[in-house]
Every structure is written in structure tokens, then in C-alpha cells.
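J.: I would like to see how this sequence folds:
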Amino acid sequence: MFVRAYLRASTDEQDAERAKAALESFASEHGLRIANWYVENESGSTLARPELFRLLKDARPGDVLLVEQVDRLSRLTANDWEKLKAEIGSRRLRVVALDLPTSWMMATSKADEFTSRMFEAINGMMLDMLAAVARKDYDDRRRRQAEGQARAKAEGKYKGRQEDVARNAGIASMLTAGLSWSQIQASTRCSRATIAKIAKGTRVTA
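T.: Numbering: from 1, shown residues only. The predicted structure follows:
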């Protein structure tokens, strides 16, 4: 059994590795060793997350997918969550989240078959509930943001999201110098979508 830790932040400005210490502490307390880390800056509302699907590709039956909170794994719509859940299930991964105590037993294989099946059923139900809560929180925040922007526009105060000119110029320079997208992501913590946009503007391909 391998423990595969997944860390996600929604934007380039956020630190996706913020929860790394918490996951390491949890693993240590439960006698586990994290074999691989998968880190990305992508929205939890989309299935287009390269590192998450790299984790799923690497995983073997019985491996643990460790996250800080269920919303790091999913802020998906109900249909997309069912797709992701089916993918996780087909690979027989055990999802363990620090904010979901019912999942902690999934990090060990000491329980008998009946107890394991009971906890799997309870854990699956709780995962569904927290995934739904995470999506509702996402929708509510988007709605409040849109309402705030509408008010600001009506008052002539809205300027939109400001471009990080210095960072983007640095990315353009790294692309021109021939650095790979992975190297640029590691250096700047930006998303591949950001690199693609700048690469298109500078006519540099991956």
C-alpha cells in the first residue's frame, strides 16, 4: 500500500503546499509514509487537473489518496463528482481526508472484512455529503463575487483582475530560454493554463 498525497490550491497566488506539514504529521501519527506528492494550482470545480489524474494513473489497488480536506479533491458538480468517484473506485483507492475522521481507518488494513465494509459505506456517504457542501460553498462564493462586481461596475469602481506583469514577463523569458513548462510551473507556481496563454502570445510551444 502506498500513500499518495494530493495538494491543491485554486489560483497561482495561493500556496498549494500550505497543508504539506499537516499531511506529514497525520501520516507519522498513523505509522504511514507518504510515497509520492502531487501538487497543483487548479480549480477544484473542474476535472481538468493533470496532477490529480497523474496520481490516479500511478495508483495501484489499495493505495491511499490522502488530502487535507474533501474540498481539495472536489468542488465539482454532482455529475463530475460521480465521474471522479467512479475513477477512484475503479482503481480501488482509499480516500483519506484529515477533515473526515470516518476515513482515517481506511489508512490501515487491520480491521476485519465486515468492519472494513461498514466503514467504506459510511465513508462513501460522508464523502458525498462533504463534496456537495464544498460545491455549494463554491457556488455561493461565485454568486457573492458576481454580485459584488455588479455593484462595483454600477458605481464605476470595478477594474477587473490585475495582470501580474512582472511574473508574466519572467515566464515569457523562461519560455524563450527553452525551459520546460514543468520547470516553469515549479519555479513560479503558476498553472499550465497561464503558461499556455503566455506561450501563445510569445509564439512558443510546449
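J.: can you list the weak-confidence ranges in the chain?
T.: Judged by pLDDT under 70, the chain has its weakly predicted residues at 109-116, 119, 158-162, 203-206.
J.: ranges for the strands of it?
T.: Residue ranges of the strands in the chain, as given by DSSP state E, are 3-9, 34-41, 64-67, 94-97.
J.: Listing partners with orientation, what would you give for the longest one?
T.: By that I understand strand 34-41. Strands adjacent to strand 34-41 in the sheet, as given by DSSP bridges, are strand 3-9 (parallel).
J.: If we ignore the residues flanking it in sequence, what's nearest Arg94?
T.: Once flanking residues are discounted, Arg94 sits nearest to Met106: 4.1 Å by CB to CB, 6 or more residues apart in numbering. Bear in mind the C-beta positions are built from the backbone N, C-alpha and C, glycine included.
J.: So Gly44 is in contact with Thr77, correct?
T.: No - taking CB atoms under 8 Å as the contact criterion, Gly44 and Thr77 are not neighbours in contact, 11.3 Å apart.
J.: In this protein, where's the longest helix?
T.: The helix that spans the most residues within the chain, counting by DSSP state H, is helix 113-154.
J.: which other helices and strands contact that helix?
T.: Applying 3 or more CB pairs under 8 Å, 6 or more residues apart in numbering; DSSP states H and E, one finds that helix 113-154 contacts helix 70-73, helix 78-90, strand 94-97.
J.: how close does the closest residue to Val70 other than its chain neighbours get to Leu76?
T.: Computed as CB to CB, 6+ apart, the closest residue to Val70 that is not its neighbour in sequence is Leu130, at 3.9 Å. Remark: distance between Leu130 and Leu76 (CB to CB, to the nearest Å) = 12 Å.
J.: Could you check which of those two has the larger neighbour count?
T.: Leu76 (22 against 19; other CB atoms under 10 Å).
J.: Give me the phi and psi angles of the more buried one.
T.: phi -80, psi 160 (degrees, to the nearest 10).
J.: how near is it to Asp128?
T.: With distances defined as CB to CB, the gap from Leu76 to Asp128 amounts to 11 Å.
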